[in-house]
Structure formats: structure tokens, C-alpha cells
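Visitor: Just to be clear, the model below is a prediction. Sequence and coordinates:
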Amino acid sequence: MTTNQQIHLVSRPNGEASVDNFKLMEVEVPELKDGQVLVRNHFMSLDPYMRGRMNDAKSYAVPQPLNAVMQGGTVGEVVASKNEHYKVGDKVVGFGGWQHYSVADAATPGVLRKVDTTHIPLSAYLGAVGMPGVTAWYGLTQICKPKAGQTIVVSAASGAVGSAVGQLAKARGCRAVGIAGGADKCGYVVSELGFDACVDYKAHKDSKSLYEALKAATPDGVDGCFENVGGAVFDAVLARMNAFGRIALCGMISGYDGEPIPLKNPQVLLQSRLTIEGFIVGEHMQFWPEALKELGTMVATGKLKYRESVAQGLAAAPEAFLGLLKGKNFGKQVVKLV
């Protein structure tokens with residue numbers, strides 16, 4: 001354990017990101033200081049928010065530094081420890097980044113957390129029982145505020161966040177309607193996850209056709225929207241919103257390459273007296289224990305289903321990440337490192 005492989009961000013994208021923005025590096029594993037632990041990462045998370053951080057632009061998070069390891073969530077096993085609260089063999093979730101080994105200052109609150117893999121697979125702590133799951137839980141319960149009988153629509157419905165939103169909405173007695181790209185993803189959302197309906201946006205080449213499909217799936221209109229995509233998909237949902245509807249603005253993946261995303265009919269925000277709120281789940285840590293308890297219980301008992309796209313090996317991470325931005329993944333995108 002003297003050498004470590006990492007992937008660094010070596011240049012910023014000019015428009016669409018490419019593999020040339022990344023570089024595989026080999027570095028020395030540093031000696032542990034008091035309070036630190038060395039983690040062998042088993043899985044690392046790839047998430048859409050990482051694309052925004054690749055830009056040197058004002059955002060809710062500081063840009064990813066150049067010529068440094070790409071940052072991101074990881075799960076793994078403690079292989080060396082100078083912290084009394086962590087022993088070799090402990091399974092942990094943290095923010096180890098795109099690398100095989102990470103050193104964590106375990107004395108700092110929130111840096112590392114032990115997890116139990118008895119009933120929950122280790123990789124699930126990067127998805128359904130991790131940041132994406134908590135994102136779904138927070139946006140749905142605290143912003144959409146669903147009531148039994150209401151209709152909740154979520155875009156990117158087969159992804160790590162969207163799939164959890166729909167299942168959590170169903171658990172609260174709501175009608176869950178997804179929007180996803182492709183017949184396979186829509187079939188999975190309905191038959192496997194239990195959504196009431198799913199609209200395949202790829203099957204509708206114009207806004208009128210997309211609207212009509214969504215209208216058929218939401219005969220009573222839409223009370224809550226969990227938005228991950230933006231663009232034409234968001235326009236269609238806005239046109240179906242009921243008065244005093246609520247919108248949790250989680251992501252705008254259609255605009256991650258820097259292009260503006262115009263709203264086709266912004267007047268509907270006023271006409272329908274809508275509430276729209278953008279959120280970053282890391283700013284609401286007080287809700288994480290409650291969310292993780294519900295999510296963990298549902299996964300352990302089989303009531304919350306999830307799917308993973310698994311890329312094999314660290315070198316595969318850049319291509320897998322670029323594929324994620326184009327919707328090539330099916331479920332939560334992770335990279336398997338061991």
C-alpha cells in the first residue's frame with residue numbers, strides 16, 4: 001500500500017466535457033497522522049453535480065481544483081487507523097474521491113461514517129441509502145410536501161434520485177408519474193418500481209406530443225414536481241401544474257454544458273401561484289438521520305428498490321461519467337474498484 005492511483009481534473013471543459021479533461025495519476029500513499037484513517041475504496045459515486053464543479057464559475061459549491069483528485073463520494077473498508085473510533089475492517093462511507101485509497105481525518109465531524117452491511121449492500125450507501133436517497137427524501141417531503149391522493153411527477157425517474165422519489169411518494173399514498181428516456185427505462189419504472197405511469201420523452205419529438213402524453217398520465221393535474229432535467233421536460237410539467245403546486249428544483253442536467261435553459265411559458269408560475277425552490281441537500285444535514293432511517297429500513301425490507309450501473313475499474317470512471325451526463329446509465333452510476 002505504498003502507491004495509489006487517482007484521477008485528476010487537468011483542464012476545464014469548453015462546452016461539453018471530454019475524457020481529455022481527466023488524467024490517471026499514480027502517487028504515494030501518505031503516512032497517517034494521529035486521528036486519521038486509511039480507507040481502501042470499494043465503490044465510488046458518479047453524480048451529475050460533478051459536471052458543474054468542473055467549471056470555474058460561481059455556483060453553490062467551490063470549483064473542483066485543477067491538477068487534484070476528482071472529488072466525490074466513496075464507500076470502502078478501513079485498512080489502517082490512527083483513530084480510536086475506527087478499526088481495521090470497518091465499512092465506511094465518506095468523500096474519498098476518484099482514487100483507490102483515501103486518507104480521512106476521522107476526528108472531523110461528517111467526514112467519515114461507519115455503516116452496517118448486514119442487510120444493506122455497501123454500494124447502496126452511495127445511492128438509495130446515501131446522498132441521492134436523502135436528496136429524494138428531502139425534496140419530496142420538505143418541498144413538494146405530498147398528501148395522499150395527490151400526483152407527484154419526477155423527471156429522470158429511473159435514476160438514483162428519481163427512482164427513490166416515486167417510491168417514497170407511493171409510500172405516502174400519492175400517484176407517482178415518472179419521465180424517463182426510452183421504453184426500457186419507463187417499463188422498469190412502472191413494472192419494477194411501482195410508479196403509476198411513466199412518459200418516455202424520447203418517443204415524443206415535439207412539445208405538443210410530450211404534453212399530450214403527460215396529460216394522459218396526469219388526468220388530475222400535477223400537485224408536486226421533482227425536477228432533475230429542465231428544458232422541454234420541465235416546460236411540459238409546468239403546463240400540467242395545479243394551482244398552488246410545489247416544485248423541488250434538484251437538477252438541470254439538460255444545461256450542464258453551459259447552455260442557457262429558457263422557460264417556454266414562465267407566466268404559468270404566476271397564473272398557478274406555484275412555489276418553486278432550489279435546494280442542495282448538503283445544506284440540510286439536520287434532516288439526514290430521519291431520512292436515512294426511513295431509506296435504510298425500506299431498502300433492508302425490500303420496500304425501496306434500486307438499480308445500479310457499475311463501471312469496472314478506476315480508469316473507466318471518465319467515460320462512465322460522460323455517459324451519465326447523456327443518460328446512458330440505468331439507475332445509480334458507480335465505479336467498482338475492488
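Guide: Structure's in. What do you need?

Visitor: Could you verify my assumption that residue 229 touches residue 249?
Guide: No - with contact defined as Cβ atoms under 8 Å, residue 229 and residue 249 do not form a contacting pair (10.7 Å). For the C-beta atoms, the positions are set from N, CA and C on the backbone; glycine is no exception.

Visitor: which of the two has more neighbours?
Guide: Neighbour tally, residue 229 and residue 249, criterion other Cβ atoms under 10 Å: the higher count belongs to residue 229, 26 against 17.

Visitor: Distance check, the more buried one against residue 177.
Guide: 14 Å (Cβ to Cβ, to the nearest Å).

Visitor: ditto for residue 197
Guide: Residue 197 is 5 Å from residue 177, by Cβ to Cβ.

Visitor: which ones are touching residue 250?
Guide: Contact analysis of residue 250 by Cβ atoms under 8 Å, 6 or more residues apart in numbering lists 135, 139, 161, 226-228, 278-279.

Visitor: what about the strands in the stretch 1-150 of the chain?
Guide: Assigned by DSSP state E, counting those that start in this stretch, the strands in the stretch 1-150 of the chain fall at 3-9, 22-28, 36-45, 68-69, 74-81, 91-94, 101-105, 112-114.

Visitor: Now mean neighbour count and distance to residue 207 too, for those, in TSV please.
Guide: Shown next, in TSV, are the strands of the stretch 1-150 of the chain (neighbours: other Cβ atoms under 10 Å; distance: least, Cβ to Cβ, whole Å):
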stretch	mean neighbour count	distance to residue 207
strand 3-9	19	36
strand 22-28	13	36
strand 36-45	24	34
strand 68-69	16	42
strand 74-81	21	40
strand 91-94	21	41
strand 101-105	20	45
strand 112-114	18	44
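
Visitor: how about the helices in this structure?
Guide: Taking DSSP state H, the helices of the chain run over residues 49-53, 131-138, 160-171, 183-191, 207-217, 231-238, 267-271, 288-300, 317-325.

Visitor: mind checking how far residue 79 is from residue 137?
Guide: From residue 79 to residue 137 the distance is 32 Å (Cβ to Cβ).

Visitor: Same question for residue 109.
Guide: Residue 109 is 21 Å from residue 137, by Cβ to Cβ.

Visitor: hmm, back to that, of the contacts of residue 250, buried ones?
Guide: 135, 139, 161, 226-228, 279 (16 or more other Cβ atoms under 10 Å).

Visitor: Could you dump those into JSON lines and include pLDDT and distance to residue 235?
Guide: Converted to JSON lines, the buried ones among the contacts of residue 250 look like this (pLDDT from 0 to 100; distance: Cβ to Cβ, whole Å):
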{"residue": "135", "pLDDT": "97", "distance to residue 235": "23"}
{"residue": "139", "pLDDT": "98", "distance to residue 235": "20"}
{"residue": "161", "pLDDT": "96", "distance to residue 235": "20"}
{"residue": "226", "pLDDT": "98", "distance to residue 235": "16"}
{"residue": "227", "pLDDT": "97", "distance to residue 235": "11"}
{"residue": "228", "pLDDT": "95", "distance to residue 235": "14"}
{"residue": "279", "pLDDT": "96", "distance to residue 235": "21"}
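
Visitor: Great, nothing more from me.
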